[in-house]
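>>> Just the structure for this:
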Amino acid sequence: MPPTTPHAAAGPDAGFDGAGHGRSSDTPEPTRSARRGRIRWSRRRDRGARFGARLLVALLIAFAVIGAVAYVLLAGELGRNQLATYAALHRADVYNIEAIAKRSRGEREMAREIAELLAAIGRRPGTHEALLVGPDAIVRASGTRAVPTGGPIADPNVGAALRGTAYRGHEAGAGEDARNFNFIAPVDLPTGRFAFEVSYDHAFLDNNLGDVRRTLLLVGVLALLVGAGVFYLVGGRSLMRSHRIALQRATRDGLTDLPNHRAFQDDLERAVALATRYGDSIALVVLDLDDFKYANERRGHKYGDAVLRGVTAVLLDGRVEDRAYRVGGDEFALLLSRVDAEGARTIADRLVDELSAGADVSVSVGLSDLRADQTADGLRAEAGAALNEAKAAAVAAPSTSTRSATARSSRRVTRPMRCADCSPPTACARSFSRSGTSAPTRCSASKR
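Presented below is the predicted three-dimensional model:
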């Protein structure tokens, strides 16, 4: 057989509509190839876009997690620093009250100076209460209007301070906001032990945390934009290209660039599911090259590669919506959309003729169309059974399952072969009829 060259179909049988009837092939080959190329490029672009979107989402999640962790850590650290600052102020205030008591020349002067100090403390940002509680748990002086002078205090922490135990933390009294900071310390005055209490509103800390949140959000957005740009320029673009190449190699045949067996299984499942859901008709054609292994061994792998590329060119020279696959070494599949059994057989007949004439190769073909409630495995099994029937009968025409058998032409097809008994090898011819009979092999040279 001569080396295979890509074959382009011409004439009324170049394409078929959904029912398998002939359609015009006025569209030039470059346009058809361009349409297939655009579809293939669009699918690769969609896969690349999905991968890029997943990378972007991963970056967003990573920055969100980092931001959340940073906010929790900063909020905790800010709360601890605020608590330490308030505690330091409270210790300084205790020292000042005791200093006033030591330098005052009388109880009235001491009370006046302590009241002035409490008023100054009450004017600090975020101060909620500033109290001096006497030994009888009665408020003797107040720097804010929140608690009036002369009222009783039932806070257990105040009672503990009157016994000599200081407290710092959050409000624990009945009716108090537990989010507020509270500091209570014992103060020894000439008239006895007092409790000095200062509480700070949590809103002051919340405002600071709000500033931290806004700063973190701004920094996070800028870091995301800058990080995404740097990642894309430094390694992201290469990673996306490597992913696209790896995905292509995983789902496409390296020699013919057709989708491989893995892609065929996925697409068949999807096509059957969609056809069942929307009531569309689809058909599956499987092809096996006759005596390909023998010819490949005798004439070399370059010849075999050329044959496979020629078969690929014929399979792609059909309707744009049909999808061709290389599912084995010498086995191909063609998934036909919106076509019934008769239309699928017409397409298969055309393929046999074009492969014989253009690719100089004969094939065994099996086909099956999808019926109601049939699975993808069932459709493939029927097409495979029809292919085995065709191979067993040694026919070079489509064979259908018993379920969808159609009338078969009696026109004979001749395929060139090599006779093992010829030395040197010469052309032998085996003729097969599409009715299933086989003519004997005739050798044009006598045995030596």
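>>> Can you give me the neighbour number for residue 178?
Counted by other C-beta atoms under 10 Å, the residues lying close to residue 178 total 11. No exception for glycine: its C-beta is placed from N, CA and C like everyone else's.
>>> and it, what are its phi and psi?
phi -70, psi -10 (degrees, to the nearest 10).
>>> ok, which stretches of the stretch 251-400 of the chain are helices?
261-278, 292-299, 301-316, 341-357, 376-392 (DSSP state H, counting those that start in this stretch).
>>> Please apply the same query to the stretch 1-150 of the chain.
Assigned by DSSP H, counting those that start in this stretch, the stretch 1-150 of the chain shows helices spanning 29-103, 107-122.
>>> Of all those helices, which one comes closest to residue 194?
Residue 194 sits nearest to helix 29-103 of all these, at 8.2 Å, using C-beta to C-beta.
>>> now the closest one: mean pLDDT?
Averaged across helix 29-103, pLDDT comes to 75.
>>> Quick one: distance of it to the chain centre.
Helix 29-103 has its C-alpha centroid displaced from the chain centroid by 22 Å (C-alpha atoms, centre = their mean, to the nearest Å).
>>> which secondary structure elements does it contact?
helix 107-122, strand 167-170, strand 181-189, strand 192-200, helix 202-231, helix 237-251 (3 or more C-beta pairs under 8 Å, 6 or more residues apart in numbering; DSSP states H and E).
>>> and residue 223, how far is that from residue 211?
Distance from residue 223 to residue 211, counting by C-beta to C-beta, to the nearest Å: 18 Å.
>>> Looking at these two, which has the bigger crowd around it?
Higher neighbour count among residue 223 and residue 211: residue 223, with 15 against 11, using other C-beta under 10 Å.
>>> ok, so what distance separates that one from residue 212?
Computed as C-beta to C-beta, the residue 223 to residue 212 distance reads 16 Å.
>>> do residue 341 as well
Distance from residue 341 to residue 212, by C-beta to C-beta: 70 Å.
>>> Please apply the same query to residue 96.
Residue 96 is 32 Å from residue 212, by C-beta to C-beta.
>>> One more: residue 263?
Distance, residue 263 to residue 212, by C-beta to C-beta: 51 Å.
>>> Tabulate the CA atom coordinates of stretch 183-196 in CSV.
Extracted C-alpha coordinates of stretch 183-196, given in CSV (Å, rounded to 0.1, in the frame of the first residue of the first chain):
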residue,chain,number,x,y,z
PHE,A,183,-9.9,47.3,87.5
ILE,A,184,-10.3,47.2,91.3
ALA,A,185,-7.5,47.7,93.9
PRO,A,186,-7.4,48.2,97.6
VAL,A,187,-6.3,51.7,98.8
ASP,A,188,-5.2,52.3,102.4
LEU,A,189,-6.3,55.7,103.6
PRO,A,190,-6.0,57.2,107.2
THR,A,191,-9.7,56.4,107.7
GLY,A,192,-9.5,52.8,106.7
ARG,A,193,-9.2,50.5,103.6
PHE,A,194,-11.1,51.7,100.5
ALA,A,195,-11.6,50.0,97.1
PHE,A,196,-10.7,52.1,94.1
